[in-house]
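> what's the 3D shape of this:
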Amino acid sequence: MRLSSVSFRYSRRGPWVLRDVGLVLEAGSVVEVTGRNGAGKSTLLRLLAGIVRPCRGSVTARPPIVGYAPEVFPVDQPFTVAAYLAHMARARRVSPASGTALAERLGASHLLDRPLGDLSKGSAQKVGLIQSLLAPPGLLILDEPFAGLDEQTRAELPEIIGEVASGGGTVVVSDHQNQLRSFPGAEHWLVADASVTVLDGERVRRAVIEVIVGVEEADEVEQKLRADGYLTRRTA
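Next up is the predicted model:
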């Protein structure tokens, strides 16, 4: 899967949330996405999942089955947990038993008869995780999945992520709690200043940095950056 010169903003004259992002996601990879609140992490995840389209650039080779769990699961739906999962299973052409099995694994069996609107944040988070896993995903997108989870589910989730990756699926997780920081083989992306920096340990493999300087300083700053090994490009 590839992002080529992807840029996105929410209105025609609004600021760019992401600009000229180029990334490659290999099958079987696990990616942890970090960044401050409002940096564009959720926007990046929605672009990857196909929920929103780039304003510029393209996203290609997205797997046909995408599992997506948003940061805030929409509980304002007229279903019990069991009815919702059964509905989503039918929509994805899988057995409703897959939802029951996942609920048991994630310690959510006791929630099946509850209305979605009665769920706590952590319980709603579990339902969001379950629905994202009903069909084996080729791409699994999890937006802050560890928030509000109990210790049992926190311990189980990395195991599930590893299983998806071992089966050839790509997993991208937004995680400000750094639960995947030590996940074996994981890539780490930092979203900041409308760009995505791909980190390899403590080394930066790719980064886009925007520097705003006065006209009289531009030549001097550019010369210093190039001397330090940076590639520079001036914009209007």
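
> give me the number of residues near G50?
Other residues near G50 come to 13 when the count uses other C-beta atoms under 10 Å. Every C-beta, even on glycine, is put in place using the N, C-alpha and C of the backbone.

> Let me see the contact set for it.
Applying C-beta atoms under 8 Å, 6 or more residues apart in numbering, we find G50 in contact with 59, 62, 66.

> now do 7 Å
Contacts for G50 (C-beta atoms under 7 Å, 6 or more residues apart in numbering) come out as 62, 66.

> ok, it to L116 distance?
The gap separating G50 from L116 is 24 Å, by C-beta to C-beta, to the nearest Å.

> Would you mark the buried spots in stretch 21-36?
Buried residues in stretch 21-36, counted by 16 or more other C-beta atoms under 10 Å: 21, 23, 25, 29-35.

> Need the contact partners of that stretch.
Stretch 21-36 is contacted from outside by 1-6, 41, 44, 161, 165, 168, 170-176, 180-181, 183, 185-192, 195-196, using C-beta under 7 Å, 6+ apart.

> Figure out how far that stretch is from the centre of its chain.
Chain-centre distance of stretch 21-36: 8 Å, with C-alpha atoms, centre = their mean, to the nearest Å.

> now do the same end-to-end measure for it.
18 Å (C-alpha to C-alpha, to the nearest Å).

> Relative to G138, which of the buried residues of stretch 21-36 is nearest.
Taking C-beta to C-beta as the measure, G138 lies nearest L25 of these, at 10.7 Å.

> The closest one and P63, how far apart?
Look at L25 and P63: by C-beta to C-beta, they are 10 Å apart.

> do A101 as well
Distance of A101 to P63, given as C-beta to C-beta: 22 Å.

> Repeat that for S195.
For S195 relative to P63 (C-beta to C-beta), the value is 25 Å.

> Identify the residue nearest the geometric centre of the protein.
L45 (3.8 Å; C-alpha atoms, centre = their mean).

> quick one, what contacts that one?
141, 143, 172, 174.

> Tell me which residues of stretch 63-80 come out buried.
When burial is assessed from 16+ other C-beta under 10 Å, stretch 63-80 yields the following buried residues: 63, 66-70, 73, 75, 79-80.

> domains of the chain?
1-65+136-211, 75-135 (automatic domain parsing).

> mean pLDDT for those: which is lowest?
Lowest mean pLDDT of the domains of the chain: domain 1-65+136-211, a mean of 90.

> on that earlier part again, now name the helix or strand holding the residue nearest to the centre of the chain.
Using DSSP states H and E, L45 falls within helix 41-49.

> Return the distance of S182 relative to V173.
The gap separating S182 from V173 is 13 Å, by C-beta to C-beta.

> Buried subset of the contacts of stretch 21-36, written for PyMOL?
Filtering the contacts of stretch 21-36 down to the buried ones (16+ other C-beta under 10 Å) takes a single PyMOL command:
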select buried, resi 1+3+6+41+44+161+165+170+171+172+173+174+175+180+183+186+187+188+189+190+191+192+195+196
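
> Mind checking which of the contacts of stretch 21-36 are in strands?
2-6, 170-174, 187-192, 195-196 (DSSP state E).
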